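K.L.:
kindly generate the corresponding structure for this input.
(one chain, ligands or ions: 1)
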Amino acid sequence: MSHQSNLYSSTGTELAVDIRNLVYSYSKSASPVINVNAWQVPKRGHVFVSGASGSGKSTLLNLLTGTLQPDSGSVTLFDTDFAALSARQKDAFRAKHIGVVFQQFNLIDYLTVLENLTAAAYFAKNKSLDIEARARQLLDKLQLPASVLNQRADTLSVGQQQRVAIARALINAPHLIIVDEPTSALDADARDKFMQLLVEATSDSAVIFVSHDKSLARYFDTRVDMATLNQAGTVTS
Ligand SMILES: Nc1ncnc2c1ncn2[C@@H]1O[C@H](COP(=O)(O)OP(=O)(O)OP(=O)(O)O)[C@@H](O)[C@H]1O
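P.N.:
Numbers count the residues shown, from 1 in each chain. Reported below is the predicted structural model:
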């Protein structure tokens, strides 16, 4: 049985994300940046989250990955409530079940592509994984030649770095992929190509994609705006 079906079948959940009464402020005196009454994303749901600069998109993503702690309320991913996990358990959960594509890609420049992917698999303690075989499969899916595996990350073009960033996010077959505004450096053609590859490569996972560029919303099943999320009420994506 695959790693992915294990988690789903053991929990029986239909939800990738279940947020309840989530409140977060950067300081006690400031009003909350995040105030989400209820937000649910189904497993394999692909959601586009839009919002103006400063509306709290990055803050929400940091709460979703457990790198920020809520003032109150809960973040539950695949039936696992983050509040019930120790810091170490949270790190392990994140490494295993969440793939993140960062705005600046965050590849380790002086390592090769294969070494970057290996590091991501190492943190997830994914011992049974044949990393090189999986890396080759992902590069192929993302239309990158296998020769880039041995190329240092800092010698790749921007478009290649983006695809490698997707491959790294997918190396452990995570159930949730979080993507933070990765297309700002691309022209329209490259952006469309990137989005198509991303959608194809992530069909087995839930995806939360954050951007202020609403033209990208057409690649997703559902869309939600930060202003809507931050209103009282329930949002089902
Ligand atoms: N470390 C911090 N300390 C204090 N305030 C912060 C901090 N990080 C963000 N903020 C504030 O929280 C609000 C939301 O910021 P956030 O970065 O989540 O917005 P965003 O929607 O991701 O913006 P952008 O699209 O510009 O990246 C902003 O008003 C910002 O100034």
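K.L.:
just the strands in this protein please.
P.N.:
15-24, 34-42, 46-50, 72-77, 80-81, 98-101, 176-180, 206-210, 222-225, 234-236 (DSSP state E).
K.L.:
which stretches of this protein aren't confidently modelled?
P.N.:
Applying pLDDT under 70 to the chain picks out residues 1-13, 184-185, 232-233.
K.L.:
related to what we said a few turns ago, distance to the ligand and mean neighbour count added to the strands of the chain, as a markdown table?
P.N.:
For every residue, glycine as well, the C-beta is placed using N, CA and C. Output for the strands of the chain, formatted as a markdown table (distance: least, C-beta to the nearest ligand atom, whole Å; neighbours: other C-beta atoms under 10 Å):
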| stretch | distance to the ligand | mean neighbour count |
| --- | --- | --- |
| strand 15-24 | 9 | 19 |
| strand 34-42 | 8 | 21 |
| strand 46-50 | 9 | 23 |
| strand 72-77 | 15 | 18 |
| strand 80-81 | 23 | 15 |
| strand 98-101 | 14 | 23 |
| strand 176-180 | 8 | 22 |
| strand 206-210 | 7 | 24 |
| strand 222-225 | 11 | 17 |
| strand 234-236 | 17 | 14 |
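K.L.:
show the contacting residues for the closest residue to Thr236 other than its chain neighbours.
P.N.:
Of all residues not flanking Thr236 in the chain, Gln40 sits nearest, at 5.0 Å (C-beta to C-beta, 6 or more residues apart in numbering). By C-beta atoms under 8 Å, 6 or more residues apart in numbering, the contact set of Gln40 is 15, 17-19, 234-237.
K.L.:
recalculate using a threshold of 6 Å.
P.N.:
15, 18, 236 (C-beta atoms under 6 Å, 6 or more residues apart in numbering).
K.L.:
and the first one, what does it touch?
P.N.:
Applying C-beta under 6 Å, 6+ apart, we find Leu15 in contact with Gln40.
K.L.:
mind listing the residues bridging to it?
P.N.:
In this entry, Leu15 is beta-bridged to Pro42, by DSSP bridges.
K.L.:
roughly how far apart are it and Ser215?
P.N.:
28 Å (C-beta to C-beta, to the nearest Å).
K.L.:
burial of Arg163, as a residue count?
P.N.:
Residues lying near Arg163 (other C-beta atoms under 10 Å) number 25.
K.L.:
OK, contacts around the nearest residue to it once chain neighbours are set aside?
P.N.:
The shortest distance from Arg163 to any non-neighbouring residue, by C-beta to C-beta, 6+ apart, is to Leu142 (4.3 Å). For Leu142, the contacting residues are 163, 166-167, 197, by C-beta under 6 Å, 6+ apart.
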